[in-house]
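Q: Have a look; sequence and predicted model below, questions after that.
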Amino acid sequence: MAQKNEAAVLFLALLITLGLVGGVYFWLAGNSNVKFVSTTTNSSQQSPQPNEETLAQVQNVPSGLFRYGGSTTWAPIRKEVDSAIKTVLPKFQLSYTDPISRAPGSGTGIKMLLDNQLAFAQSSRALEPEEYQIAQQKGFTLKEIPVAIDGIAIAVHPNLNISSLTIQQIKKIYTGKITNWQEVGGRNLAIKAYSRRLEDGGTIEFFHQNVLDKENFGSQVQFTPTTTTALRQVATNEGSIYYASAPEIVPQCTVKTIAIGRKPGEAVVPYKEPLVPRNQCPQKVNQLNQEAFKSGQYPITRRLFVIVKQNGQIDQQAGEAYVRLLLTNQGQELISKSGFVRIQ
């Protein structure tokens, strides 16, 4: 009998102990100052680490001179971000490098990266399958990392009585199926369409693939070497039209930026309303419609990428460090200041 009573007492004591432990556990779990950390090794179960706030907080930034190149669309970002990096991290020396015999652009920069002429590249388009294949043949891989959001804007002459176009109408203009503004609601005036050449950069490649559906440019399209040259033509020729990265078009005083729609009646402007009158420019300039770009409401948007060589060497370390710098809160603010949309 004594043994049974002893067993009952022990059992009761065990229940009381478990109850106390459970109570303490649930009290701690409900306390906002106490956090339980999972020890699982499955990375998909772990929360992502927050990005650093400032450029100075980024770790493992290598020292040395690192050449990079690529997209001309990136020029405003290079102006804002690279100067800040130079001030904060003087030993991380960045040098933008132009190609020797070709026009600078996303494709050219990626080719230079593949040819071991650059540490990393900047691109306004995603990598092509053949670029991945070339990298594999050379014994490494390429990785594209998005860091900003951009869009394509359409510029016309300020006196043109057209306020919007659909993507289908833009496609027909640039493939030569629409040749007069009268066909899209304007007056009887021949269309003068301008573009840079397909091999000149990622913006043209993106436009060709996503707006023209890879159809050939029409024979009437006039090719110019730079956006600056094209905008001068649009400003002086009333029937002109041109496309480029939105930060290159929206703030301009000499051309008119028009709304774009996926369908008739769905046009969205790439600038923040109300429109700044021309007589107030350049004292005031139009700003990017960042909300429409970020939400995808504006129909022609894209991401900007850093292309990093995955070879386990210092070039990879430099490219990944540059990405981390751009993705800090300070880096994203500088990207926003340069006219693009922060990706996070």
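A: Ah, there it is. Numbering: from 1, shown residues only.
Q: If you count residues, where's the longest strand of the protein?
A: Ranked by number of residues, the top strand in the chain under DSSP state E is strand 141-156.
Q: Lys214 against Glu205, yeah?
A: No - proximity of Lys214 to Glu205 does not meet the contact threshold set by CB atoms under 8 Å, at 10.0 Å. Bear in mind the C-beta positions are built from the backbone N, C-alpha and C, glycine included.
Q: Count the residues that sit near Leu114.
A: 19 (other CB atoms under 10 Å).
Q: Sorry, wrong one. I was asking about Thr108.
A: So Thr108, with other CB under 10 Å, has 23 neighbours.
Q: got the angle between the helix or strand hosting it and strand 141-156?
A: Using DSSP states H and E, Thr108 sits in helix 106-114. Here helix 106-114 points in a direction 160 degrees away from that of strand 141-156 (axes from the mean of the first three to the mean of the last three CA atoms, to 10 degrees).
Q: counting contacts, what elements does helix 106-114 pack onto?
A: Packing partners of helix 106-114 (3 or more CB pairs under 8 Å, 6 or more residues apart in numbering; DSSP states H and E): strand 64-70, strand 120-123, helix 129-137, strand 141-156, helix 202-210, strand 301-310.
Q: From these, pick the one with the highest average neighbour count.
A: Neighbour counts (mean count of other CB atoms under 10 Å) averaged over each of the helices and strands packed on helix 106-114 peak at strand 120-123, with a mean of 28.
Q: Distance from stretch 140-160 to the middle of the chain?
A: A distance of 7 Å separates the centroid of the chain from that of stretch 140-160, by CA atoms, centre = their mean, to the nearest Å.
Q: and the closest residue to Val268 other than its chain neighbours, how many neighbours does it have?
A: Nearest residue to Val268, sequence neighbours excluded (CB to CB, 6 or more residues apart in numbering): Tyr298, at 4.8 Å. For Tyr298, the count of nearby residues is 27 (other CB under 10 Å).
Q: try Ile335
A: By other CB under 10 Å, neighbour count at Ile335 equals 24.
Q: Please shift the residue numbers so they start at 111 in all later answers.
A: Okay, residue one is now 111; in that scheme the one you just asked about reads as Ile445.
Q: List the residues that contact it.
A: Counting by CB atoms under 8 Å, 6 or more residues apart in numbering, Ile445 touches Ile187, Glu190, Val191, Val257, Ala258, Leu436, Val451, Arg452.
Q: name the element it belongs to?
A: helix 439-447.
Q: Hey, what's the angle from that helix to strand 411-420? Just curious.
A: 140 degrees.
Q: Put together JSON lines for the contacts of Ile445, with distance to Gly422 on each row.
A: Below are the contacts of Ile445 laid out as JSON lines (distance: CB to CB, whole Å):
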{"residue": "Ile187", "distance to Gly422": "27"}
{"residue": "Glu190", "distance to Gly422": "31"}
{"residue": "Val191", "distance to Gly422": "26"}
{"residue": "Val257", "distance to Gly422": "22"}
{"residue": "Ala258", "distance to Gly422": "27"}
{"residue": "Leu436", "distance to Gly422": "22"}
{"residue": "Val451", "distance to Gly422": "33"}
{"residue": "Arg452", "distance to Gly422": "30"}
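Q: Filter the residues you listed down to just the ones in strands.
A: Among the contacts of Ile445, the ones falling in strands (DSSP E) are Val257, Ala258, Val451, Arg452.
Q: Could you pull out the strands in this structure for me?
A: Under DSSP E, the chain gives strands at 174-180, 202-206, 230-233, 251-266, 274-276, 302-305, 332-333, 350-355, 366-371, 411-420, 451-452.
Q: contacting residues around Val433?
A: Val433 neighbours (CB under 8 Å, 6+ apart): Ile255, Val257, Val416, Val418.
Q: you'd agree the second one is up against Val418?
A: No - using CB under 8 Å, Val257 and Val418 do not qualify as a contacting pair, with a distance of 11.1 Å.
Q: What residue spans form the domains of the protein?
A: Segmentation of the chain into domains, based on automatic domain parsing, reads 165-259+412-452, 263-411.
Q: quick one: the longest one to chain centroid distance?
A: Right, domain 263-411. On CA atoms, centre = their mean, the centre of domain 263-411 falls 19 Å from the chain's centre.
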